[in-house]
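Generate coordinates for the sequence data below:
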Amino acid sequence: MADGIINVYKEKGFTSHDVVAKMRGILKQKKIGHTGTLDPMAEGVLPVCLGKATKLCDLLTDKTKTYEAVMLLGKETDTQDMTGTILAEYPVNAKEDEVREAVLSFLGPYNQIPPMYSALKIDGKKLYELAREGKEVERKARPVEILEIRVDHIELPKVTMTVTCSKGTYIRTLCYDIGRKLGCGGCMDSLVRTQVSGFLLKDSLTLSQIEELRDKGTLGERILAVDKVFNDYPAIVMKPEFDKLVHNGNPFLRDQAQESSAPEEGPLRVYDSENQFIGVYEPDRERNILKPQKVFLGGN
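Take a look at the predicted model:
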């Protein structure tokens, strides 16, 4: 069974769950998960976790993401993108400088109302299921943050922009909100996710490329080892007689590890004496121990 993370290029028409299902078929293993839903019409970077790395799915979902989006002004749809039914059309009278000003005004934190066509649940039912039944329910605005936003090209009524944002941000809702601010309505015309944390578009592989590499026996070269996600953390290696402690997920004393220049504060990558990655540990100063955090893989 493969363990690690592979940078998949999700193509248009596939759901994120479709990608996972196809990856299970390609790799002949069940333990596979994705790291954040991309709409079927969207494409781009979708890190997929394999084997033990599935414990990182939630962690990577929380990471910031970068998108290239094309916004279409003058139209509003029920899905807030061009796959939906057009609800209203308006003339686009805004000038280019007004469009730029409106786009850039969303830089920073803002409260965003999730779209009805989304997988969020209310009373145990997904919003898109309610929407398909013709129902609309009140949704509470949620805090999101636009960390960076740039207008790349304007050819009205279309506007191409690059957006880096926090988790939970809906880019199609951002397009809708910008359109509302301009008074002409707006929706998302296309979307490409170009980055998730350290996973870049240029390094991503389509499903067909993954199959080719599997057949050549070289796919392992493109699977990122779990510990590489935490390269920024200092490493610490256990003494052989204390390997069992970390294999079983127990805390340990610093002197039960080999001599290390690792700092006293902050998270550490912990390896057993044979250099198998165990997980991320953090110091508990009150008890003078190191204890495993959420990212814990354990031993063989």
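
need the contact list for the closest residue in space to Glu43 that isn't next to it in sequence.
In space, and not counting its chain neighbours, Glu43 is closest to Lys12: 5.1 Å by Cβ to Cβ, 6 or more residues apart in numbering. Yep, even glycine has a C-beta here, placed from its N, CA and C like the rest. By Cβ atoms under 8 Å, 6 or more residues apart in numbering, the residues touching Lys12 are 40-43.

Mind checking which of the residues you listed land in strands?
Mapping the contacts of Lys12 onto strands (DSSP state E) picks out Glu43.

so is Ala53 in a helix, a strand, or just coil?
Secondary structure assignment for Ala53 (DSSP: H, G, I helix; E, B strand; the rest coil): helix.

My read is that it contacts Asp227, right?
No: because the distance of 10.1 Å does not satisfy Cβ atoms under 8 Å, Ala53 is recorded as not touching Asp227.

on that earlier part again, now do the residue nearest to Glu43 against Ser273, distance only.
Using Cβ to Cβ, to the nearest Å, Lys12 is found at 48 Å from Ser273.

With Lys31 instead?
Summarising the geometry, the distance separating Lys31 from Ser273, computed by Cβ to Cβ, is 27 Å.

now do Lys167
Applying Cβ to Cβ to Lys167 and Ser273 gives a distance of 37 Å.

likewise Gly220?
24 Å.

and those two? which has more neighbours close in?
Per other Cβ atoms under 10 Å, whichever of Gly220 and Ser273 has more neighbours is Ser273, with 15 against 12.

need the contact list for that one.
The neighbourhood of Ser273, defined by Cβ under 8 Å, 6+ apart, consists of 237-240, 243, 258.

where does it land on pLDDT?
The score at Ser273 is 94. That number is its pLDDT.

Numbering from 732 from now on, please.
In the new count, where the first residue is 732, that last one comes out as Ser1004.

Once you drop chain neighbours, what's closest to it?
Nearest residue to Ser1004 in three dimensions, chain neighbours excluded: Pro971, at 4.0 Å (Cβ to Cβ, 6+ apart).

Check Val957 too.
Counting by Cβ to Cβ, 6+ apart, Ala784 is the residue found nearest to Val957 once chain neighbours are left out, at 4.9 Å.

tally of neighbours for that neighbour?
For Ala784, using other Cβ under 10 Å, the count is 27.

how close does it get to Gly764?
Spatial separation of Ala784 from Gly764 under the definition Cβ to Cβ is 8 Å.

ranges for the helices of the stretch 932-1031 of the chain?
Secondary structure of the stretch 932-1031 of the chain (DSSP state H, counting those that start in this stretch): helices at 938-947, 974-978.

sorry, back to before: for the residue nearest to Val957, list the residues it contacts.
The neighbours of Ala784, taking Cβ under 8 Å, 6+ apart as the test, are 734-736, 957.

Equivalent analysis for Ala988, please.
Residues in contact with Ala988 (Cβ under 8 Å, 6+ apart) are 967-970, 973, 1001, 1021.

returning to what we had before: sec struct for the residue nearest to Glu774, please.
At Lys743, secondary structure determined by three-state DSSP is coil.

For it, give me the pLDDT.
Lys743 is assigned a pLDDT of 94 by the prediction.

Ile757 now?
Per-residue confidence for Ile757 comes out at a pLDDT of 95.

Next, the angle helix 938-947 makes with the strand or helix carrying it.
Counting by DSSP states H and E, the element that carries Ile757 is helix 747-758. With axes from the mean of the first three to the mean of the last three Cα atoms, to 10 degrees applied, the angle from helix 747-758 to helix 938-947 works out at 20 degrees.

and stretch 977-990, what's its mean pLDDT?
For stretch 977-990, the per-residue pLDDT averages 90.

end-to-end on that stretch?
Start and end residues of stretch 977-990 are separated by 17 Å (Cα to Cα, to the nearest Å).

Now that stretch: buried residues?
Buried positions in stretch 977-990, judged by neighbour count with 16 or more other Cβ atoms under 10 Å: 977-978, 982-983, 987-988.

Which member of these is positioned nearest Asp812?
Asp812 lies nearest to Val977 out of these, by Cβ to Cβ, at 46.9 Å.

I'd guessed that closest one sits against Arg1000; true?
No: applying Cβ under 8 Å as the test, Val977 and Arg1000 come out as separate, 11.5 Å apart.

Identify the residues contacting the nearest residue to Ala733 once chain neighbours are set aside.
Spatially, and ignoring its direct neighbours in sequence, Ala733 is nearest to Leu781 (4.6 Å; Cβ to Cβ, 6+ apart). Residues in contact with Leu781, defined by Cβ under 8 Å, 6+ apart, are 732-737, 754, 758, 760, 762-763, 954.

quick revisit: tell me the confidence at the residue nearest to Val957?
So Ala784 comes in at 87 (pLDDT).
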